[in-house]
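Colleague: Just a sequence and a predicted model for now, questions to come.
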Amino acid sequence: MMTRMAEGIEFRLTVPSLQISLGEKIALIGHSGCGKSTLLDILAMILRPTGAGAFRFRPEKEAAPIDVAKAWSQKDLNFMGDLRKHRIGYVMQTGGLLSYLTVRDNINLSRQLLGMPDDGTVEELAKNLGIERHLDKRPELLSTGERQRVAIGRALAHHPSIVIADEPTASLDPIAARKIMALFVELVEEMQITVIIASHDWKHIKKLGLRRLAHRTSQNSAGTITETKVTG
Amino acid sequence: MSNPIRKMRNIFRLALTDYFYEWQMSSCFVLALAAVLAPMMILFALKFGIIGSMMEQLIEDPRNREIRPVGSGHYDSEWFNAVRAKSEVAFVIPRTRSLAATMQLKSDRAHRIIPTELIPTAAGEPLFHKSVRIPVGLNQIVLSESAANKLKVKVGDQIDGSLNRRHNGTNERVHVKLTVVGITHLAAFARDGAFAPLDLVIATEDFLDGRAVQALGWQGDSPLEGERSFPGFRLYASSIDYVAGLRDGLTASGIEARTRAADIDIVQTMERQLSAVFWFVAVIGLTGFSFSLGANLWANVDRKKKELSVLRLVGFRTSDIVWFPVLQALLTGILGWLVASLIYLGVETSINRMLLTQVEDGNPVCRLLPLHFEIALAFTVGAAVLAAALGGYRAARIQPSDGLREI
């Protein structure tokens, strides 16, 4: 559960139950202000929930589940940081690339940080994303769509368990957006990575076979509490 | 490769790549720093050079360490032994009556007889350059440059010294063969003078007073009875710092003495005041630079918020992020110092060349010791890192979620 106060109104996001299986593709659809980003941050393990009954994360098949709620309550920020570093990949809304690194180094950033070897993963990903000819260029020379492809590459390069993307194609024109979204989903499917995408373009997302999380927003009679419930 | 080392290497690599990628921004910082630092280095070098040479001249010129008695007194060997025993005293020797300390010198090469003042000397003579031999016995002297020029003699030449007295109604003249064992430079003693062993000076006084000097075969009255006392002395402190103290000690025991303490005081006061002015300027300059760099780094964090949050997202910790501005400031500090040093060296060369003619004994007007460069580097890097800590504090507050979406 997450509670936030703004201008005298309490916003409450509750998740009575949510189970996401390994390799599942999840879509979070909704307009801004519905708590979509808050849930995404909690799932990305960036934001500490106000309270949690149970929050477990199984990084691999047959691995023991990690009690995330416990780590949060113990304020073990370094543990959370390490967990994020190894297990989670992010695709930003725009950019999120380091302008001073080449495309290759940008994609390789997480791998480098984790001390992973140069085994051709970066090149293969670039090939799949259609940006191999840009590997040695800096992001500033790339179009917005190409930059988003690089961002996807960076999120996947270290083989995370989950990839989180908040409106990854929002800044692109609809044709490019759909193309890149399709490519993204295809890649995570192939790599068997769980993906959670926030978007407002359900029409397109539905075609890609993503499971939509149900959410319902209600207000109490006095108008002081806005509550969003997400289940799935 | 262990984890922390790999992490630090990554931070280094990323911070430096960023720094050099934004070379235009970085070189602005470097130049801004050099623009503050170089004038300060020049200012300090001038202060150090000018005051330094003045101090050096003060210290090197033995005349500044001299304490001269005013009028005459009675100083016996006990008094001299007591004074000689003081650690503040470098050199002390009795002086005879000045009227009875003049000898006529004549050489084969010059026609004129030169009446010359005899100055008693001994080992440790402060007015001699190290290479000048100390005269010993009754037949050696060291001439002042002016006397040597008039006599047209050089080291090793023999000259004739003669004394003239009226004794029992007749004029008597005696001669003594003297070897010139050394010549002092003009700065040490400007007048016509001959530095002679104390025994020769005493013999001269004895003869002129009408007494006999057996060692030189000079006839006269019987030698002085009892302990000899001298009317004056030549006294040199071992350092200019002791001059005032020794003088005060003499004054307290009833001996009035003159020194150049006032000159020393003026230079020392000037040194203190110029140093104060310099530090005032330096503190203002460095503070200004620190604030400007701090403000820039602070603003930089805003500019790079997204990139920094990306680093947070991929797993860099807060403490790692702080290294970014700090490392970059460190680099700015070092490069700025390098540029400032180069500017300084150029200016130093031209200032010294320009003022070469006005400088005595080739002491440069503008100079810095290697230590000063090191201190400048330490101060600069310190100020830069301090300023960066400000930016780092800001950077550390960036949340990973800031990068996930547009703000």
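Modeller: Nice, I can see it. Remember, it's a predicted structure, so these values are computed and weren't measured experimentally. Residues are numbered from 1 along each chain as shown, chains lettered A, B, ... in the order given.

Colleague: how close does residue A:114 sit to residue A:28?
Modeller: Residue A:114 sits 27 Å away from residue A:28, going by C-beta to C-beta, to the nearest Å. In short, each C-beta sits where N, CA and C put it, glycine included.

Colleague: higher neighbour count, those two?
Modeller: Shown here are residue A:114 and residue A:28; by other C-beta atoms under 10 Å in any protein chain shown, residue A:28 has more neighbours (27 against 18).

Colleague: and the residue nearest to that one when sequence neighbours are not counted, what pLDDT?
Modeller: The shortest distance from residue A:28 to any non-neighbouring residue, by C-beta to C-beta, 6 or more residues apart in numbering or on different chains, is to residue A:198 (4.3 Å). In this model, residue A:198 is scored at 88, pLDDT.

Colleague: Tell me which other helices or strands whichever strand or helix holds residue A:198 touches.
Modeller: Assigned by DSSP states H and E, residue A:198 belongs to strand A:194-199. Where contact means 3 or more C-beta pairs under 8 Å, 6 or more residues apart in numbering or on different chains; DSSP states H and E, strand A:194-199 is packed against strand A:25-29, helix A:36-43, strand A:162-166, helix A:174-191.

Colleague: just how off-centre is the following helix or strand past it within its chain?
Modeller: For strand A:194-199, the following helix or strand on the C-terminal side (DSSP H and E) is helix A:202-207. Distance of helix A:202-207 from the chain centroid (C-alpha atoms, centre = their mean, to the nearest Å) equals 17 Å.

Colleague: Next: stretch B:255-272.
Modeller: On C-alpha atoms, centre = their mean, the centre of stretch B:255-272 falls 15 Å from that of its chain.

Colleague: and the strand holding residue A:198 with helix A:174-191, angle?
Modeller: Strand A:194-199 runs at 160 degrees relative to helix A:174-191, counting by axes from the mean of the first three to the mean of the last three C-alpha atoms, to 10 degrees.

Colleague: returning to what we had before: can you redo the helices and strands packed on strand A:194-199 as a markdown table with distance to residue B:109 and mean pLDDT?
Modeller: Shown next, in a markdown table, are the helices and strands packed on strand A:194-199 (distance: least, C-beta to C-beta, whole Å; pLDDT from 0 to 100):
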| stretch | distance to residue B:109 | mean pLDDT |
| --- | --- | --- |
| strand A:25-29 | 114 | 89 |
| helix A:36-43 | 105 | 84 |
| strand A:162-166 | 106 | 91 |
| helix A:174-191 | 107 | 91 |
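
Colleague: Show me which of the ones you listed has the highest average neighbour count.
Modeller: Most buried of these by mean neighbour count (mean count of other C-beta atoms under 10 Å in any protein chain shown) is strand A:162-166; its value is a mean of 25.

Colleague: That strand near chain B at all?
Modeller: Yes: counting by C-beta under 8 Å from any C-beta of the partner chain, chain B is contacted by strand A:162-166 at A:164, A:166.

Colleague: what's the angle from that strand to helix A:174-191?
Modeller: Using the same axes, to 10 degrees: strand A:162-166 against helix A:174-191 is 170 degrees.

Colleague: What segments of the chain are helices?
Modeller: Picked chain A for this. All helices of chain A, identified by DSSP state H, fall at A:36-43, A:68-73, A:77-87, A:103-107, A:109-113, A:121-129, A:144-156, A:174-191, A:202-207.

Colleague: hm, I was asking about chain B
Modeller: B:3-21, B:23-60, B:77-84, B:145-151, B:198-208, B:240-252, B:261-303, B:305-313, B:318-354, B:370-396.

Colleague: No more questions from me, cheers.
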